[in-house]
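**Q** Need the 3D shape of this:
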Amino acid sequence: MRYSRRDLCHKFDITPAQFARWRYKGLLPPAVIPVTGKADAYYTDEHADRIRAIIEHLIDGKVTIQDLRERFMYEDEPELLDDGDVFQP
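**A** Predicted coordinates for the structure are as follows:
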């Protein structure tokens, strides 16, 4: 499904400023920008799922923005978890 930023803010009852803050802090991936141009940018179910996860984790107060940023980074790029090092006791 395609969403505008306004749609997602309304759906999750967050402000546009909060949405922008999460984008700036690296918690949300960029909008999808079709070849027709930036004015037609949209968000997907992946973005909605990410917002849902942010809200769930921040509400329980057990994780920080940095924790979430790292978690999402590894979800988006799992190859970063394997640096090729072998554990040697």
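
**Q** Give the buried residues for stretch 47-62.
**A** Buried residues in stretch 47-62, defined by neighbour count with 16 or more other Cβ atoms under 10 Å: H47, A48, R50, I51, I54, H57, L58. For glycine as for every other residue, the C-beta is placed from the backbone atoms N, C-alpha and C.

**Q** what sits up against the helix or strand Y74 falls within?
**A** If you go by DSSP states H and E, Y74 is part of helix 65-76. The contact list for helix 65-76, computed with Cβ atoms under 8 Å, 6 or more residues apart in numbering, reads K25, G26, L27, P29, R50, A53, I54, H57, L58, V63, L80, L81.

**Q** show me what contacts the first one?
**A** Each residue near K25 by Cβ under 8 Å, 6+ apart is listed here: I65, R69.

**Q** Find me the pLDDT at it, would you?
**A** At K25, the model reports a pLDDT of 90.

**Q** Provide the backbone phi and psi angles at it.
**A** phi -80, psi 0 (degrees, to the nearest 10).

**Q** Tell me, how many residues neighbour F12?
**A** F12: 14 surrounding residues under other Cβ atoms under 10 Å.

**Q** Tell me which helix or strand in the protein has the weakest average pLDDT.
**A** helix 65-76 (a mean of 82; mean pLDDT, DSSP states H and E).

**Q** May I see the buried residues of that one?
**A** L68, F72.

**Q** what are the C-alpha coordinates of the longest helix seen in the chain, in PDB please?
**A** For the chain, the longest helix by residue count, based on DSSP state H, is helix 45-60. Extracted in PDB, the C-alpha atoms of helix 45-60 (Å, rounded to 0.1, in the frame of the first residue of the first chain):
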ATOM      1  CA  ASP A  45       3.700  -0.900   4.600                       C
ATOM      2  CA  GLU A  46       7.400  -1.300   5.600                       C
ATOM      3  CA  HIS A  47       7.400   2.300   6.800                       C
ATOM      4  CA  ALA A  48       4.100   1.700   8.700                       C
ATOM      5  CA  ASP A  49       5.500  -1.400  10.300                       C
ATOM      6  CA  ARG A  50       8.600   0.500  11.300                       C
ATOM      7  CA  ILE A  51       6.600   3.300  12.900                       C
ATOM      8  CA  ARG A  52       4.500   0.700  14.800                       C
ATOM      9  CA  ALA A  53       7.800  -0.900  16.100                       C
ATOM     10  CA  ILE A  54       9.200   2.500  17.100                       C
ATOM     11  CA  ILE A  55       6.100   3.400  19.000                       C
ATOM     12  CA  GLU A  56       5.900   0.000  20.800                       C
ATOM     13  CA  HIS A  57       9.500   0.100  21.900                       C
ATOM     14  CA  LEU A  58       9.700   3.700  22.900                       C
ATOM     15  CA  ILE A  59       6.500   3.500  24.900                       C
ATOM     16  CA  ASP A  60       7.800   0.700  27.100                       C
END
